[in-house]
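**Student:** Let's see this in three dimensions:
(chains A and B)
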There are 2 protein chains.
Amino acid sequence: MTAPRLDVVGIGNAIVDIIGRCDDAFLARYDAPKGHMRLVDTATLMGLYGAMGPGIEISGGSAANTIAGIASLGGSCGFIGKTGDDEFGRIFSHDIRAQGVAFTNTPIAGAATSRSLILVTPDGERTMNTFLGVSTELAATDLDAALIGRANVVYLEGYLFDGAGATAAFEKAATLARAGGGRVALSLSDSFCVDRHRDALLGFMRAHVDILFANESEIIALYQTADFAAAAQRAAGDVALAALTRGAQGSVILHKGQTITVPVHKVDKVVDTTGAGDLYAGGFLFGLARGLALDTCGQLGGLAAAEVISHLGARPESSLAKLAAAAQLG
Amino acid sequence: MTAPRLDVVGIGNAIVDIIGRCDDAFLARYDAPKGHMRLVDTATLMGLYGAMGPGIEISGGSAANTIAGIASLGGSCGFIGKTGDDEFGRIFSHDIRAQGVAFTNTPIAGAATSRSLILVTPDGERTMNTFLGVSTELAATDLDAALIGRANVVYLEGYLFDGAGATAAFEKAATLARAGGGRVALSLSDSFCVDRHRDALLGFMRAHVDILFANESEIIALYQTADFAAAAQRAAGDVALAALTRGAQGSVILHKGQTITVPVHKVDKVVDTTGAGDLYAGGFLFGLARGLALDTCGQLGGLAAAEVISHLGARPESSLAKLAAAAQLG
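**Tutor:** Residues are numbered from 1 along each chain as shown, chains lettered A, B, ... in the order given. Modelled structure (predicted):
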């Protein structure tokens, strides 16, 4: 019996988030760049943890959040990422599997699972301080070729370019995806990350990527232009399909010369923006997997993002499938 | 220099909650008594964890939640409870200290920190499956006499009676509190817990307790009468001050022949009732510490409970001091 096809297999950092609240002065005091992700060493992580307020631990990781969102919508998914053989690794593994996602990586004995201290300011903006631990060591040998071969879409997070073996792993993942008949999607993750790896990202995009996800600051950082429309057109020249998020201004989808604008999905109160982009990608990819029109894909992305920013944490708290049905999407 | 007095020192189980959602059928399938706390062994815990959906990890523990609430209101607090030298122990210790609470217990090497799998049904009701781990081993020798001696109120949770050494520890704590000029408060915790330890709880109450907290089902279980009013009068005969919660019907305070009824603090949507009683006690004790009228104490309890049931988890997500100021309480 052949194993069934999967809508999406994600490859990314396997992270548990530790989420707490703080004010802007706290971010400044600890040199945390507001709204961004920075990499920290163990000493910085522990110092920041000791200084911050009470936390909540929730599984995270950018691509993993996207995959959890697709699964919550009813999609079939797999995830590839490295955890340590510790409590945080067990939390991550449980949560992704409990969402119905195939996760086959064996925990690495003696290694520390990656974690991110996420500081949420009163405006709902999140600032991430990530200790990448073992997840950044993802190498080509960690890829489950059978899992990737079953994917209709392989989804990669740009953050992984922070790891030394990432480029080789991404090349291999793209090749495996293609060989299995799947498409390749990439998220740019963070504008600082784009600055660190611009050439590698662009090279990989042009060689392998069918579907690109980015927000406004990331796409501007990638093409080093201050003009969003110009950057978007550049993206449309580099990939077949680009879905670009603009926060409260909704999203813009570029495909075959078309530019589709999707209004934002309104929420009563933005509690924590962590995972907004991840869940947008999740909703969008679920829509694509179901063969829906691109503007509907964008609306599904907006719906999933709206759910996740209405509470603490980057994983859906409610069934996205139910929310989508209620909104007559999908 | 003499160490300053503390408003409240809590003694209870040091627990990290793992909170997930399920439906009523899931509770029935796993024999989890809806709305109650049951003790489970490691095998049951792991079986249930494997079967449940994605979780969120948040520090919990009944008395610890109460203390976190008082600290969030601006009260000065300490907490006594036992953790293991593991990740969950570090999470618990961080969170209680980050709330500004003095927590002096040394983690026990090689011991497992207690955890509770909390299943939240769509109606917001919580059902707890607690693996008590090391916290239940609290004995008289674990009490920080200096910390208790500084307390104006020592607050004890009835759940601790599930541990073998609890009675001796509670007697000692009450004696130390009294010697330091403090009062003794007790929460009955859970009606099943009351059934397990009725005589011990009643004996301890009559000998030592000044302030009693209980909900309707607990006070009914304690006095084995189906009539709430009758049970409340019995309580008023056993302790100087009783604050009894009745869910959506608010609370009833009994003191010196008076019966004060406090209406419920309305919330838009009950997300998760975990910690409602704990936070009521926290708000109430903070009001007492500030010398406020008993009905205001009850309103502060209601306000703190309303905050905690409006999101997942039993610790306040917002500053209760700010909420109290906005409501012109305290």
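**Student:** got the phi/psi numbers for residue A:298?
**Tutor:** Note on residue A:298: its backbone torsions stand at phi -60, psi -40 [degrees, to the nearest 10].
**Student:** and the closest residue to it other than its chain neighbours, what does it touch?
**Tutor:** The spatial neighbour of residue A:298 that comes closest, neighbours along the chain excluded (C-beta to C-beta, 6 or more residues apart in numbering or on different chains), is residue A:262 at 3.4 Å. Any C-beta I mention is one placed from the backbone N, CA and C, and that applies to glycine too. Neighbour list for residue A:262: A:250, A:251, A:252, A:253, A:295, A:298, A:299, A:301, A:302 [criterion: C-beta atoms under 8 Å, 6 or more residues apart in numbering or on different chains].
**Student:** Tell me the buried residues in the strand or helix carrying the fifth one?
**Tutor:** Translated: residue A:295. Per DSSP states H and E: residue A:295 is located in helix A:294-308. Going by neighbour count (16 or more other C-beta atoms under 10 Å in any protein chain shown), the buried part of helix A:294-308 is A:294, A:296-308.
**Student:** By mean pLDDT, which helix or strand of chain A comes out lowest?
**Tutor:** Lowest by mean pLDDT, DSSP states H and E among the helices and strands of chain A is strand A:37-39, with a mean of 90.
**Student:** how far is that one from where the chain is centred?
**Tutor:** Distance of strand A:37-39 from the chain centroid (C-alpha atoms, centre = their mean, to the nearest Å) equals 15 Å.
**Student:** Just the residues contacting that strand, thanks.
**Tutor:** A:32, A:116, A:128-132, A:159, A:162, A:189-190, A:192-193.
**Student:** repeat for stretch A:121-131
**Tutor:** In contact with stretch A:121-131 (C-beta under 8 Å, 6+ apart) are residues A:13, A:15, A:19, A:21-24, A:27, A:30, A:32-42, A:44-45, A:48, A:112, A:114-120, A:269-274, A:309.
**Student:** how about the residues of chain A near chain B?
**Tutor:** A:20-21, A:49-50, A:52-59, A:68, A:86-88, A:91, A:94-96, A:98-99, A:311-313, A:315, A:317 (C-beta under 8 Å from any C-beta of the partner chain).
**Student:** could you list every residue that touches residue A:175?
**Tutor:** Residues near residue A:175 by C-beta under 8 Å, 6+ apart: none.
**Student:** in whichever strand or helix holds it, what counts as buried?
**Tutor:** In this assignment (DSSP H and E), residue A:175 forms part of helix A:166-179. Along helix A:166-179, these residues count as buried under the neighbour rule (16+ other C-beta under 10 Å): A:166, A:167, A:169, A:170, A:172, A:173, A:174, A:176, A:177.
**Student:** Chain B: which of those residues is nearest?
**Tutor:** Using C-beta to the nearest C-beta, residue A:173 is the member of the buried residues of helix A:166-179 that sits closest to chain B, with 25.0 Å.
**Student:** before we move on, the earlier item: need the buried residues of helix A:294-308 in TSV (columns: pLDDT and distance to residue B:324).
**Tutor:** Listed next are the buried residues of helix A:294-308 as TSV, based on pLDDT from 0 to 100; distance: C-beta to C-beta, whole Å:
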residue	pLDDT	distance to residue B:324
A:294	98	49
A:296	98	46
A:297	98	45
A:298	98	43
A:299	98	41
A:300	98	41
A:301	98	39
A:302	97	36
A:303	98	36
A:304	98	35
A:305	97	33
A:306	97	31
A:307	97	30
A:308	97	30
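**Student:** Find the nearest non-adjacent residue to the residue most central in space within chain A, please.
**Tutor:** Taking C-alpha atoms, centre = their mean, the centroid of chain A lies closest to residue A:62, which sits 2.9 Å from it. Using C-beta to C-beta, 6+ apart and skipping the chain neighbours, the partner closest in space to residue A:62 is residue A:157 (4.4 Å).
**Student:** In this structure the one you found contacts residue A:12, no?
**Tutor:** Yes. Using C-beta atoms under 8 Å, residue A:157 makes contact with residue A:12 at a distance of 3.9 Å.
**Student:** burial measure for the closest residue to chain B within the stretch 201-330 of chain A, as a count.
**Tutor:** For the stretch 201-330 of chain A and chain B, the shortest gap (C-beta to the nearest C-beta) falls at residue A:315, measuring 6.0 Å. Other residues within reach of residue A:315, judged by other C-beta atoms under 10 Å in any protein chain shown, total 26.
**Student:** Next, work out how far apart it and residue B:19 are.
**Tutor:** Residue A:315 is 12 Å from residue B:19, where distance means C-beta to C-beta, to the nearest Å.
**Student:** Ramachandran angles for residue A:270?
**Tutor:** According to degrees, to the nearest 10, residue A:270 has phi -80, psi 110.
**Student:** for residue A:262, same thing?
**Tutor:** Residue A:262 adopts backbone torsions of phi -120, psi 120, taken as degrees, to the nearest 10.
**Student:** Next: residue A:187.
**Tutor:** Reported as degrees, to the nearest 10, the phi and psi values for residue A:187 are phi -110, psi 140.
**Student:** That one reaches residue A:156, doesn't it?
**Tutor:** Yes. Contact criterion C-beta under 8 Å: residue A:187 and residue A:156 qualify, at 7.3 Å.
**Student:** Show me where chain A has its helices.
**Tutor:** Under the criterion DSSP state H, chain A carries helices at the ranges A:24-29, A:42-51, A:62-73, A:87-98, A:145-149, A:166-179, A:191-196, A:198-208, A:216-223, A:228-238, A:276-289, A:294-308, A:320-326.
**Student:** neighbours of residue A:31, just the number please.
**Tutor:** 11.
**Student:** How confident was the prediction at it?
**Tutor:** pLDDT recorded at residue A:31 is 93.
**Student:** can you check the one 3 residues further on too?
**Tutor:** Confidence at residue A:34, expressed as pLDDT, is 94.
**Student:** give me phi/psi at it?
**Tutor:** Dihedral angles (degrees, to the nearest 10) for residue A:34: phi -60, psi 130.
**Student:** what about it, neighbour count?
**Tutor:** Neighbours of residue A:34 using other C-beta under 10 Å come to 13.
**Student:** Which residues are in contact with it?
**Tutor:** Taking C-beta under 8 Å, 6+ apart, one finds A:24, A:27, A:121, A:125, A:127 in contact with residue A:34.
**Student:** Correct me if wrong: residue A:91 contacts residue B:55.
**Tutor:** Yes. At 7.3 Å, residue A:91 counts as touching residue B:55 under the criterion of C-beta under 8 Å.
**Student:** still on that earlier bit, how far away from the center of its chain is the helix holding residue A:295?
**Tutor:** Worked out by C-alpha atoms, centre = their mean, helix A:294-308 lies 14 Å from the chain centre.
**Student:** tilt between it and helix A:276-289?
**Tutor:** 140 degrees (axes from the mean of the first three to the mean of the last three C-alpha atoms, to 10 degrees).
**Student:** Could you point out which residue ranges in the stretch 151-300 of chain A have low pLDDT?
**Tutor:** For the stretch 151-300 of chain A, applying pLDDT under 70 flags no range at all.
**Student:** show me what contacts residue A:285?
**Tutor:** Per C-beta under 8 Å, 6+ apart, neighbours of residue A:285: A:7, A:8, A:66, A:70, A:75, A:153, A:155, A:185, A:211, A:297.
**Student:** With residue A:12 instead?
**Tutor:** A:61-64, A:79-81, A:135, A:155-157, A:159-160.
**Student:** any idea which of those is the one closest to residue A:290?
**Tutor:** Distance ranking of the contacts of residue A:12 against residue A:290, using C-beta to C-beta, places residue A:155 first at 15.8 Å.
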